[in-house]
Every structure is written in C-alpha cells, then in structure tokens.
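K.L.:
From the sequence below, what's the structure:
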Amino acid sequence: MKELPLADVYRLIEPGPVVLLSTRSRQGRSNIMTMSWHTMVEVAPPTIACVVSSNDLSFFALRQTRECVIAIPAVGLAEKVVKVGNCSGRDTDKFATAWFTPLPAEQVSAPLVAECFANLECRVVDTRLVNRYNLFLLEVVKAWIDPQQPTPKTIHHIGHGTFVVDGEVIHFESRMP
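P.N.:
Numbers count the residues shown, from 1 in each chain. The predicted structure is shown next:
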C-alpha cells in the first residue's frame with residue numbers, strides 16, 4: 001500500500017453521475033450548474049442529498065425557493081456540461097447562450113433541461129446541514145425520462161478535470177427492488 005493524500009479521497013468515493021442542477025430565483029432568473037456531489041439517501045420517497053457551494057449562484061436560489069431540478073445528461077453532452085461548470089451564472093446566462101434548452105416543469109418553478117435523458121423535479125425537505133456543510137436534502141416530487149434516449153451512458157467526475165463513462169452493465173440477483 002501507498003499513502004494517499006487526504007485531499008484525493010473524494011476521487012475514490014464519487015457517488016454518481018455528473019448532473020445539472022437548475023434553479024429559478026424569486027426574481028424569475030433561471031440558472032444551471034454542474035454538480036457531482038450528490039447521493040440517494042432514501043428510496044421512497046426518493047430523497048437526494050447534494051452539496052451546493054455557498055459561492056455558487058444556485059445556492060442562493062435553492063435556499064430562497066427551496067426547489068430545483070436535477071437533470072441527468074448523457075455522455076454526448078459532456079463538453080457542454082463542463083462548460084456550464086467552468087463559468088458562473090453571475091456573469092453568464094447559461095440557458096440564453098443556447099448551451100441547454102429550458103422546459104417548464106410541473107411541480108417546481110425551476111426549468112427542466114430538454115437535452116437530458118432524465119429530469120427530477122425536487123423540493124428541499126431538510127436544511128439542517130446547509131450552514132455547516134452546504135448540504136441540502138431534496139425530495140423528488142416528479143420524475144421525467146426521455147424515451148428517445150433508452151440506454152444513455154453517464155459521465156462520472158474523478159477529479160482534476162478527469163471523467164469516466166459508464167461501462168459494461170452486469171446483473172446479479174438482488175433482494176432490493
């Protein structure tokens with residue numbers, strides 16, 4: 001074994017695909033950000049924990065409105081996803097630049113992202129860890145999939161601008177639903 005710097009531990013434990021988080025402020029301004037730090041914490045109702053930096057514009061809209069959309073992009077959108085993650089909504093209207101197309105959601109004011117294969121409309125259900133860790137708990141209140149993208153591959157951030165793509169699918173018998 002060789003010692004690993006503690007700052008690199010997150011690269012080993014990334015829980016899921018890179019996603020986009022869209023918000024709409026009370027003033028009506030939509031924003032979208034790239035997010036990698038999230039995980040499922042409950043199956044029913046589906047509940048997701050996510051970390052949104054207090055330096056991000058989306059943090060303020062999420063805290064203010066207590067709702068968002070998590071949109072899941074396929075690998076073909078990777079370059080656009082990284083571009084969104086490398087700029088700030090403070091100086092760039094990311095939807096207006098035509099990087100992504102907003103669609104109206106049903107249960108929340110934040111927009112769906114047309115190009116993504118799945119969109120999850122979410123409401124914040126717990127903020128007790130926001131002040132300490134910027135961690136929000138989100139309940140999915142409506143879920144959408146794009147039937148035109150039946151077997152999408154997702155990207156996973158492993159740090160320092162490096163990503164991996166979903167690989168071979170394997171199945172084992174499971175008692176979990």
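K.L.:
quick one: low-confidence ranges for the chain?
P.N.:
For the chain, applying pLDDT under 70 flags the ranges 14-15, 177.
K.L.:
show me where it has helices.
P.N.:
Assigned by DSSP state H, the helices in the chain fall at 10-13, 57-65, 78-85, 130-133.
K.L.:
Spatially central residue in this structure, please.
P.N.:
In the chain, the residue lying closest to the centroid (CA atoms, centre = their mean) is residue 19, at 3.4 Å.
K.L.:
Bridging across strands, which residues link to it?
P.N.:
residue 35 (DSSP bridges).
K.L.:
now residue 121
P.N.:
Going by DSSP bridges, residue 121 is paired in beta bridges with residue 69, residue 142.
K.L.:
What of residue 159?
P.N.:
Applying DSSP bridges to residue 159 gives these bridge partners: residue 162.
K.L.:
how much space between it and residue 71?
P.N.:
From residue 159 across to residue 71, the span is 22 Å (CB to CB, to the nearest Å). Heads up, the C-betas are built off the backbone N, CA and C, glycines and all.
K.L.:
Neighbour count: those two, which is higher?
P.N.:
residue 71 (27 against 13; other CB atoms under 10 Å).
K.L.:
Next, format the helices of the chain as JSON lines and append distance to residue 168 and mean neighbour count.
P.N.:
Formatted as JSON lines, the helices of the chain follow (distance: least, CB to CB, whole Å; neighbours: other CB atoms under 10 Å):
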{"stretch": "helix 10-13", "distance to residue 168": "20", "mean neighbour count": "11"}
{"stretch": "helix 57-65", "distance to residue 168": "34", "mean neighbour count": "19"}
{"stretch": "helix 78-85", "distance to residue 168": "19", "mean neighbour count": "18"}
{"stretch": "helix 130-133", "distance to residue 168": "34", "mean neighbour count": "11"}
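K.L.:
Of all those helices, which one is nearest residue 25?
P.N.:
Smallest distance to residue 25 across the helices of the chain (CB to CB): 4.4 Å, for helix 57-65.
K.L.:
other SSEs contacting that closest one?
P.N.:
Under the contact definition 3 or more CB pairs under 8 Å, 6 or more residues apart in numbering; DSSP states H and E, helix 57-65 sits against strand 19-24, strand 30-35, strand 67-72.
K.L.:
Give the residue farthest from the middle of the protein.
P.N.:
Distance from the C-alpha centroid of the chain, by CA atoms, centre = their mean, peaks at residue 1 (33.9 Å).
K.L.:
Chain neighbours aside, what residue packs nearest to residue 157?
P.N.:
residue 36 (4.3 Å; CB to CB, 6 or more residues apart in numbering).
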